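1. sequence and predicted model, in that order:
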Amino acid sequence: MTDPDPRTPPYALTIASSDSGGGAGIQADLKTMTRLGVYGGSVVVGVTAQNTAGVRSTHVLPTEEVRAQFEAVREDFDVGAVKLGMLATAGAIETVDDCLDGYDGPVVVDPVMVATSGDRLLEADAVDAYADLFSQATLVTPNADETEELTGEWPDSEAARAAAADRFFEWGADAVLFKGGHVEDADAAADEVRDVLVTPDGTETFASERVETDVTHGSGCTLSSAIAARLARGDDLSTAVERGVSFVRATIAAPADVGEKGSVNHLVESEGTVGEFRVEPN
Ligand SMILES: Cc1ncc(COP(=O)(O)O)c(N)n1
């Protein structure tokens, strides 16, 4: 597929929270969308005081403010895809669910619960609210901890992923991408990471060499927003996941040496990125 015309770019929307440090959250989403040639808009759900070392505090906006932002965007832009990130509270999850009732484009749900730093980003009583929201999802992108918290399954084998995927399908999701970053997959080689896409029609595995690194702050946000950007560009789901996975791997392989702990690097070149950047992998 050719690059989008920058004068008439596809539009994608992130509904998520701000990371003041810029490595994750809305900042990672907008950088990702921009690098993939997509015009990104944002509905801010919450604001975190955060850097590469951790989250210091969180402030969640009133739900009317979340709805007002969504309506302002919907009335003006042709939203090609939506990505959901840190929604923080049950009230925000319910509001976003309600807003999306009138939207029929693709929706990628990253069920953010805990930051890479270990800080909790979702109130404990909000986990159940996700079950309803998943009915909006074209794709859910849980990591292993989120999969376990939501379904009770630790997704390190085909059988466990199939059982977990069935739960997501019962909740109404169309597809699930199980992220392999923090899993020792029973079916994978020792130096391999496997991200596994499960739909009611079958399973597709995206395998690549594991990058030995602790610098993954922002990787989940980057992957889900890259997939949303690719969907806004017109890719089918499998192609969007393949391109999203390849972009996030590139951002992990050439980390940004910023702050105490660093973050993934959106300045990297990868298939489908636009603009002139030269960052070599480590
Ligand atoms: C605002 C916000 N949203 C999401 C994440 C998760 O990202 P990560 O797991 O990379 O820390 C985060 N840390 N902050």
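-> Arrived safely, thanks for sending.
2. I figured residue 26 hits residue 32, correct?
-> No - in this structure residue 26 lies outside contact range of residue 32 using C-beta atoms under 8 Å: 10.5 Å. The C-beta positions use only the backbone N, C-alpha and C, and glycine is treated the same way.
3. and residue 75, how far from the ligand?
-> 26 Å (C-beta to the nearest ligand atom, to the nearest Å).
4. neighbours of that residue, just the number please.
-> 7 (other C-beta atoms under 10 Å).
5. now residue 213, what's its secondary structure?
-> Three-state assignment for residue 213 (DSSP: H, G, I helix; E, B strand; the rest coil): coil.
6. report the contact partners of it.
-> By C-beta atoms under 8 Å, 6 or more residues apart in numbering, the contact list for residue 213 reads 252, 255.
7. and it, backbone torsions?
-> phi -160, psi 150 (degrees, to the nearest 10).
8. repeat for residue 137
-> Taking degrees, to the nearest 10 as the convention, residue 137 sits at phi -90, psi 120.
9. that one is in contact with residue 108, isn't it?
-> Yes - the criterion here is C-beta under 8 Å, and residue 137 meets it with residue 108 at 7.4 Å.
10. which one's more surrounded, those two?
-> residue 108 (31 against 23).
11. then that one would be within a helix, right?
-> No - with three-state DSSP as the criterion, residue 108 is located in strand rather than a helix.
12. what pLDDT does the model give it?
-> Looking at residue 108, its pLDDT is 98.
13. can you tell me how far it sits from residue 62?
-> 25 Å (C-beta to C-beta, to the nearest Å).
14. go on, residue 151?
-> Using C-beta to C-beta, we find residue 151 at a distance of 31 Å from residue 62.
15. looking at the two, which is more packed in?
-> residue 151 (21 against 11).
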